[in-house]
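# what follows is a predicted structure for the sequence shown.
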Amino acid sequence: MEVTGPISVLYEVKPWLSAFRVEGLKPRKGRGRDYTRQMQLILQYTRAFGKITRKNVVELAKLSPSLATTLLGRIVEGGYLERCGKGGGTYYVLTEEGKKYR
């Protein structure tokens, strides 16, 4: 994860997805798409519901299961989420660092 300035995204579709700011959350540079928006959605969903699963990410962000796993791993690597459980029962919760950002 690369440390950057504040990121603000407004979502008008769902009230719980409005005005969420994350400092320093930016996907790795290089090839491929920019998944910053999906990463923010993941953190917003986790804040709203207390936890998130890979299945939730696939449905929420319209991603493949493998890409959902990759993005969750990046967010865990960045210190915003913590992985709980193994296999099919795996879910992710916000870390103390992740709870700081609203």
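Good, I have the coordinates.
# partner residues bridging residue 81?
Legend: beta-bridge partners of residue 81 under DSSP bridges are residue 94.
# show me the contacts for it.
Residue 81 sits next to 42-43, 46, 52, 72, 75, 92-95, 98 when contact means C-beta atoms under 8 Å, 6 or more residues apart in numbering. For every residue, glycine as well, the C-beta is placed using N, CA and C.
# looking at the residues you listed, spot the one nearest residue 61.
Taking C-beta to C-beta as the measure, residue 61 sits nearest to residue 42 out of the contacts of residue 81, at 7.0 Å.
# thought that closest one was touching residue 71?
Yes: between residue 42 and residue 71 there is a contact under C-beta atoms under 8 Å: 6.6 Å.
# and for those two, which residues touch both?
Residues touching both residue 42 and residue 71 (C-beta under 8 Å, 6+ apart): 57, 61.
# between those two, which is the more surrounded one?
A direct count of neighbours by other C-beta atoms under 10 Å for residue 42 and residue 71 places residue 42 higher, at 26 against 20.
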